[in-house]
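Trainee: Provided below for reference: sequence and predicted model.
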Amino acid sequence: MEIVFPIEFVVDGAPVSSQAKNPRSRIAWKDRVKAASKAVLPEGHWASSDRIAVTLFYFPAGPVQGDVDNIVKLVLDALRRNIYADDAQVERVVVQKFEPENTFRFRAPSRGLEAALNGAKPALYVRLSDDPFEDLT
């Protein structure tokens with residue numbers, strides 16, 4: 001069964017950095033991302049061969065230290081062979097954190113983004129599209 005894009009889901013918890021010293025925490029985070037993605041995918045789907053755009057919005061419970069770019073790799077690795085065949089297909093990644101004191105009002109959030117905005121924090125909103133140019137026109 002083919003995947004229909006866009007796909008959105010929320011991963012509960014704080015993202016783990018690809019530079020985390022504990023390999024178990026990296027594996028556990030990737031497993032959590034993969035499980036959250038599987039919950040929104042059709043049964044019996046196969047990995048897409050399309051070009052992919054990824055959006056990651058991190059909603060921490062409070063101020064965070066660390067670089068947002070360090071959360072990208074483990075998320076992309078977790079989705080490989082599940083949503084897309086190879087992470088070389090990823091042509092665009094947008095990543096942003098929204099700390100509580102640095103809020104932003106989204107004009108028309110999707111259902112998935114609304115779930116992240118209104119749900120427990122920390123949380124990571126993930127959106128995948130097969131159109132890397134969708135927001136550029």
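Mentor: Cool, got the structure.

Trainee: alpha carbons only for contacts and neighbour counts from here, please
Mentor: Fine.

Trainee: what ranges of the chain fall below the confidence cut-off?
Mentor: 137 (pLDDT under 70).

Trainee: strands of that one, residue ranges please.
Mentor: Here the chain has its strands, by DSSP state E, at 7-12, 52-59, 90-97, 123-129.

Trainee: starting at the chain centroid, how far to the shortest one?
Mentor: Pointing back at strand 7-12 there. 6 Å (Cα atoms, centre = their mean, to the nearest Å).

Trainee: could you list every helix and strand in contact with it?
Mentor: Here strand 7-12 touches helix 23-38, helix 111-118, strand 123-129, going by 3 or more Cα pairs under 8 Å, 6 or more residues apart in numbering; DSSP states H and E.

Trainee: list the contacts of it.
Mentor: 32-33, 36-37, 40, 112-113, 115-116, 120-129 (Cα atoms under 8 Å, 6 or more residues apart in numbering).

Trainee: mind checking which of the residues you listed are buried?
Mentor: Among the contacts of strand 7-12, those buried by neighbour count (16 or more other Cα atoms under 10 Å) are 32-33, 36-37, 113, 116, 121-129.
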